[in-house]
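S.K.: Sequence and predicted model, in that order:
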There are 6 protein chains.
Amino acid sequence: MLTVKDIYSFLDSIAPFSSAAPWDNTGLSVGDINKCVKKVLLSLDVTGEVIDKAIKENVDLVITHHPMIFNEVKSVISDTLLYKAISSGITFISSHTCLDIAKDGVNDCLANAIGIKNIETSEEDIFLKVGEIAEKTEDEFVSLLKEKLNCKVLYNSTGNNVKKVAFCSGAGGDLFALAKEMGADALVTGEAKYHEFLDASFSNITIFSCGHFETEIVVIDALKEKLEKEFKCIEFIKSNQKNIISCK
Amino acid sequence: MLTVKDIYSFLDSIAPFSSAAPWDNTGLSVGDINKCVKKVLLSLDVTGEVIDKAIKENVDLVITHHPMIFNEVKSVISDTLLYKAISSGITFISSHTCLDIAKDGVNDCLANAIGIKNIETSEEDIFLKVGEIAEKTEDEFVSLLKEKLNCKVLYNSTGNNVKKVAFCSGAGGDLFALAKEMGADALVTGEAKYHEFLDASFSNITIFSCGHFETEIVVIDALKEKLEKEFKCIEFIKSNQKNIISCK
Amino acid sequence: MLTVKDIYSFLDSIAPFSSAAPWDNTGLSVGDINKCVKKVLLSLDVTGEVIDKAIKENVDLVITHHPMIFNEVKSVISDTLLYKAISSGITFISSHTCLDIAKDGVNDCLANAIGIKNIETSEEDIFLKVGEIAEKTEDEFVSLLKEKLNCKVLYNSTGNNVKKVAFCSGAGGDLFALAKEMGADALVTGEAKYHEFLDASFSNITIFSCGHFETEIVVIDALKEKLEKEFKCIEFIKSNQKNIISCK
Amino acid sequence: MLTVKDIYSFLDSIAPFSSAAPWDNTGLSVGDINKCVKKVLLSLDVTGEVIDKAIKENVDLVITHHPMIFNEVKSVISDTLLYKAISSGITFISSHTCLDIAKDGVNDCLANAIGIKNIETSEEDIFLKVGEIAEKTEDEFVSLLKEKLNCKVLYNSTGNNVKKVAFCSGAGGDLFALAKEMGADALVTGEAKYHEFLDASFSNITIFSCGHFETEIVVIDALKEKLEKEFKCIEFIKSNQKNIISCK
Amino acid sequence: MLTVKDIYSFLDSIAPFSSAAPWDNTGLSVGDINKCVKKVLLSLDVTGEVIDKAIKENVDLVITHHPMIFNEVKSVISDTLLYKAISSGITFISSHTCLDIAKDGVNDCLANAIGIKNIETSEEDIFLKVGEIAEKTEDEFVSLLKEKLNCKVLYNSTGNNVKKVAFCSGAGGDLFALAKEMGADALVTGEAKYHEFLDASFSNITIFSCGHFETEIVVIDALKEKLEKEFKCIEFIKSNQKNIISCK
Amino acid sequence: MLTVKDIYSFLDSIAPFSSAAPWDNTGLSVGDINKCVKKVLLSLDVTGEVIDKAIKENVDLVITHHPMIFNEVKSVISDTLLYKAISSGITFISSHTCLDIAKDGVNDCLANAIGIKNIETSEEDIFLKVGEIAEKTEDEFVSLLKEKLNCKVLYNSTGNNVKKVAFCSGAGGDLFALAKEMGADALVTGEAKYHEFLDASFSNITIFSCGHFETEIVVIDALKEKLEKEFKCIEFIKSNQKNIISCK
């Protein structure tokens, strides 16, 4: 019978937990690594709805991208998500920054979705990659992003054409200067701040911000497929979590 | 004849530079405090277009909200905005975090635009204020924000009605927990991160993010009016700067 | 019906949680502050045996001196005490350094057990107190401690008589220099290191180390009595925890 | 004629001073490295009695394990041990943490006394070693320690048999987790704190605390023998220092 | 019979040791505070010659301005000044930064020598004072300093007249900006660096550097006089220490 | 046509900017690296007089040893040297600590001026070098320095002959201990503090302090010669800057 440990080891083989950023808190969060596993739920985040679904669907394990425990925990009080998760008896694993940078991980799935080729990783920041697309006008590139990622796009319009594209799933707005140094015309990422857009304009590079959720959710199907191929007798389901941010 | 010093002193009287945040770099940035002043340009940011307009309009002084020098300057190279500003011979003043918190400053203008009443300032963070509106549904409140601030609204939908409203112009997403402690149903701010929206949902408070630019631009007209009333023989013009972030 | 909150508030009134040392993690550790309470277990520590007894006795609340969560928690794994505690559904509160220094708290109970009078608190360290006993030889004082605290005594023999006695329950060996400054002949505490004994000899003061457990367990009966007097319809039981350290 | 320098160099060859811990203050403490040497006193500590004996025996050099100057010295006052040592005209050398870890040093002498074989050093902490004994019950192992080290033993009884033994002379209670990771059933050391015993129980490893003095004094005879073999015309004597801690 | 303690207490009353700078190491350096005192040597520094003279003159106590132990002492080796001082059996006291700022202390003696009146102390740095002299040209002021302090003068010539004079005995070149803020035309001090002279020129203030020794030695006679008045039966002698820096 | 970039690259080839100390701020300070260059001014420092001469002589580039921006710049005000420099439209480059240590750089020019041979660089501090001269008495060596460097000499007279000489242009007084370790009889430098002279005496090494300006100005002619040889169609002139420190 398969246990959490088997799945943990497989995740570790495709995105080694030891390669995660030092501040990250990835791996086994809650529960029992020796538990038997028949049904697994995949989700980007742990939300109340996700735990409810995990309980209703009677899953044994939840695998998420974002860790449940980000900051120091000093108590575990009854009306928190953590208490609810522990009390459910279900086991929770996260594969966060190690999955971002892994082969076929979040960043690679993002590049794949957009159609970026000839990809190199920055030597200074492993979370930043640069590749190429067929040259497009700013407007054409915005349309491409909207279509492929099903998102709104925020950008500091420079009017520049886009051919060399840097990218970083999640919150990568602070990487625009490094992207510029690598010769990129544009940086595609999930989140950027006002002052990052402003400074990017001074550096004559365009930041295209496509949503934290939208630049990361692309990994779930790819991960599910890999797990299903490896573990044929385990059932994997998705949480169907929607972006927690509404936009009107 | 009036000089920059007269305007500097007036700004200091309505939003004391000494009340700015310790990390801020507000006050006289570039130029000559003893220069005579006949024409002044007001703008949220210093951008290349703003300097061009200042030169073309032959202004003596530019007053902005955001400072031109944010970080340590180690050299002043010819293709930078700072070099361009100094070479123009024009004087530049910024009134940043001191204007945020001043009476009739950025935060107060934001509250005024939305119609928030009975306002108190947090004892723990001077940039956070809380007040009240006539109770509204989430949808009604989104419509109000869109209309009054002429913006898109990003929010983590909780379905809660909104009556007690915390607010912080600019980037204030990290203040949601403090807002919750003060009993607020919602936090209105200019920018928030994905993980702030996520954590806010766990805390059962809604963050309404209306744009850094849109929550701050409201101060310019109010400031222009005050300056015109005080300095009748000086001409004040606006930069008509658009939000540097496009959204599609 | 009484809830954990009622007991929490009472503990806060006799030993305010806000008076705990900054590094301490006292108060509600695990569970639900709004839960109804009929039966409470008192113990110095949370051990596996203590949780077992709490489950078997069907208690609603466990009150301990030492907190369960001392260091940063990054995960909650199934074979840990914390997981066991949360899964039990029982609520856990600790009153640690605030109880040490409270009136009739741990330090006072220790003084009481030994018979120390005319007690003053150090102005430099709130955990150190100094008082007086009828003058005794070193040997007589060792006998007194063994009898009253039911413990072994470790000490750096100086041959000095003991009249003025500093004391600090738990691990207070590092306070000998302060004790000397206050004019004490001896320091009674629960733990001291070899180098502290050595340095104390140089300073001509005797440290009498009577056991961490033995200098703190004295508080349990006193606390139980107070709680029973305040909450007449709640049942309070003791864990009968033995010193976790054996000595042969 | 031999000088302190010859002995210093020999000590450096068997336990290089440069291998001491960064916080340690080992080597020449007081006096003259060029002084001629006919008689040497060996001791674990510098105490008042040790200096008295050194003066009475007319020795030229005192070699100790623990350094005389541990902390920053800002003055040298007449009633201190340091003043007494300097005024005596005798030279003082200490070989502390470098001797702990040296071949045939303190740790090795401890292993030898207990009969531990097949010893490996931890890759993470050079002060921790692990080896094996013929499997014993907890009670049998306590008896062995009492007999071989002539000490009292404090331990958190787990009831586990002991076969794989980690050890660290002096104060090493904080190493139990590392010992557990290396697969040890038990950690033998000189000192441990209450909370270390408590946490060790949770980790299911037994700490056997045998006394700081008792786990280090074993090195003196071995060191004396080595020195006598190397320096045939110098007389080496021992201080016969007793444990400074009495236990009743 | 008088002891070191009597003199220590008198020094403490005219220049409280507790008023010394936090980084300073003033007070009793070496020896015995309870020793009887018949003869005392006063000196700016402890040098080898000063100790030789102290031994030859058979003094009981040496009082210096600069402390003998400035930095952390980790060993006391035979060929150092500290070892020599301790072995001499003589007691050493220093009164350093507390004497700088005391009434009639080093700074006041410097002002007195030059003839500065109407003195105020900076509110930001207690070591900086500002007063007035009858207005002089730069050249006249240099001549005055040379005559009164018997020194060479280094200065960044600004050509400015001198009327308002800031001063700081010893090494105070870094105080020129503060001096300028207080309205001073010039800063008189003992030492300044090249970059301080350079920056002072930019700030249009003249630094007159008159020698560390020459700006401090003025205190010795004043201190000797005070001590002789207080302790009539003790003999006080001076070291006649010359400036350790030759200039050619 | 040659540009600043050509000269920048040449300077980088003879004294790589990347070899500068981490705290240093060397390279392009102000202006345009792509500007054409016909006339260049060389100077040790940027002073007001130097900028005036640069403007009057109509130079395109100023090369200095000391950087214009040493500390963090938070504003650029009209009455500062930096504002004047930027407004002049001239470009400014500095080659500071990288030139100190370069082959034929400041330190080498100093050695050359004095006639020091067989030079080695310290392995612990790249700014310190040691070489040899024909043995001289202290007085003879002072005369040599006065003649060759055209300076006053400050020194702590030890009476020692000088044969092995350590040296460091500029402010290097703190290097005397390292110089002593390398076997030097003397340290020649530009600046030393009183306490450095004092401590050097204790270590029995003589510091000869010859002036910050005088130990560095020696590089200007050598640098001018190199530049003229490389760039035949550019005119190089010197600032004729005098030492900013007068001595009387």
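M.R.: That came through, no problem.
S.K.: got the contact list for the spatially most central residue of chain A?
M.R.: By CA atoms, centre = their mean, chain A has its centre lying nearest to residue A:216, at 3.4 Å. By CB atoms under 8 Å, 6 or more residues apart in numbering or on different chains, the contact set of residue A:216 is A:44, A:65, A:106, A:110, A:169-170, A:190. (Each C-beta comes from the backbone N, C-alpha and C, glycine too.)
S.K.: can you list the weak-confidence ranges in chain A?
M.R.: Judged against pLDDT under 70, chain A has no low-scoring part.
S.K.: Spell out which residues of it are next to chain C.
M.R.: Within chain A, the positions adjacent to chain C are A:25, A:27-35, A:69, A:72-79, A:82-83, A:86-87, A:89, A:91 by CB under 8 Å from any CB of the partner chain.
S.K.: Just the ones of those in strands?
M.R.: Mapping these onto strands (DSSP state E) picks out A:27-31, A:76-77, A:91.
S.K.: Which of those residues lies at the shortest distance from residue B:165?
M.R.: residue A:77 (27.0 Å; CB to CB).
S.K.: quick one: residue A:154 from residue B:98, how far?
M.R.: 29 Å (CB to CB, to the nearest Å).
S.K.: returning to that earlier point: list only those of the residues of chain A next to chain C flagged as buried.
M.R.: Using 16 or more other CB atoms under 10 Å in any protein chain shown as the burial test, the residues of chain A next to chain C include A:25, A:27-33, A:35, A:69, A:73, A:75-76, A:78, A:82-83, A:86-87, A:91 as buried.
S.K.: Dump the ones in strands among the residues of chain A next to chain C to a markdown table, plus distance to chain E.
M.R.: Listed next are those as a markdown table, based on distance: CB to the nearest CB, whole Å:
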| residue | distance to chain E |
| --- | --- |
| A:27 | 43 |
| A:28 | 46 |
| A:29 | 46 |
| A:30 | 48 |
| A:31 | 51 |
| A:76 | 43 |
| A:77 | 43 |
| A:91 | 53 |
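S.K.: so who does residue A:11 touch?
M.R.: For residue A:11, the residues meeting the contact criterion (CB under 8 Å, 6+ apart) are A:17, A:63, A:93, A:95.
S.K.: which one's the longest strand in chain A?
M.R.: Under DSSP E, chain A gives strand A:162-171 as its longest strand.
S.K.: and it, what does it pack onto?
M.R.: helix A:106-114, strand A:129-136, helix A:176-181, strand A:186-191, helix A:212-216 (3 or more CB pairs under 8 Å, 6 or more residues apart in numbering or on different chains; DSSP states H and E).
S.K.: elements contacting the third one?
M.R.: Applying 3+ CB pairs under 8 Å, 6+ apart, we find helix A:176-181 packed against strand A:162-171, strand A:186-191, helix A:194-202.
S.K.: The residue of chain A found nearest chain D: neighbouring residues, count only.
M.R.: As assessed by CB to the nearest CB, chain D sits closest to residue A:18 within chain A, at 15.2 Å. The tally of other residues near residue A:18 (other CB atoms under 10 Å in any protein chain shown) stands at 8.
S.K.: Please tell me how far the closest residue to it other than its chain neighbours sits from residue A:30.
M.R.: Nearest residue to residue A:18, sequence neighbours excluded (CB to CB, 6 or more residues apart in numbering or on different chains): residue A:98, at 7.8 Å. Using CB to CB, residue A:98 is found at 18 Å from residue A:30.
S.K.: same deal with residue A:37?
M.R.: From residue A:37 across to residue A:30, the span is 15 Å (CB to CB).
S.K.: how about the residues of chain A near chain B?
M.R.: Within chain A, the positions lying close to chain B (CB under 8 Å from any CB) are A:45, A:47-48, A:66, A:70, A:80-81, A:142, A:146, A:152-157, A:170-171, A:190-191, A:193-195, A:197-198, A:201-202, A:212-213, A:244-248.
S.K.: Can you give me every residue that contacts the closest residue to chain E within chain A?
M.R.: Residue nearest to chain E within chain A: residue A:202 (30.3 Å; CB to the nearest CB). For residue A:202, the contact set (CB under 8 Å, 6+ apart) comprises B:48, B:80-81.
S.K.: out of these, which are inside helices?
M.R.: Residues of these located in helices (DSSP state H): B:48, B:81.
S.K.: could I get the contacts of residue A:202 as JSON lines with neighbour count and distance to residue D:184?
M.R.: Listed next are the contacts of residue A:202 as JSON lines, based on neighbours: other CB atoms under 10 Å in any protein chain shown; distance: CB to CB, whole Å:
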{"residue": "B:48", "neighbour count": "11", "distance to residue D:184": "67"}
{"residue": "B:80", "neighbour count": "13", "distance to residue D:184": "61"}
{"residue": "B:81", "neighbour count": "16", "distance to residue D:184": "63"}
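S.K.: quick one: which of the contacts of residue A:202 is nearest to chain A?
M.R.: Minimum distance to chain A across the contacts of residue A:202 is 6.0 Å, recorded for residue B:81 (CB to the nearest CB).
S.K.: For that closest one, list the residues it contacts.
M.R.: A:202, B:46-48, B:51, B:68.
S.K.: and of the residues you listed, the nearest to chain F?
M.R.: residue B:68 (9.0 Å).
S.K.: What is the end-to-end distance of stretch A:119-137?
M.R.: End-to-end distance for stretch A:119-137: 21 Å, by CA to CA, to the nearest Å.
S.K.: That one vs chain F: in contact?
M.R.: No - Stretch A:119-137 does not reach chain F (CB under 8 Å from any CB); its nearest approach is 16.0 Å.
S.K.: Now that stretch: buried residues?
M.R.: For stretch A:119-137, burial by neighbour count (16+ other CB under 10 Å) applies to A:122, A:127-133, A:136.
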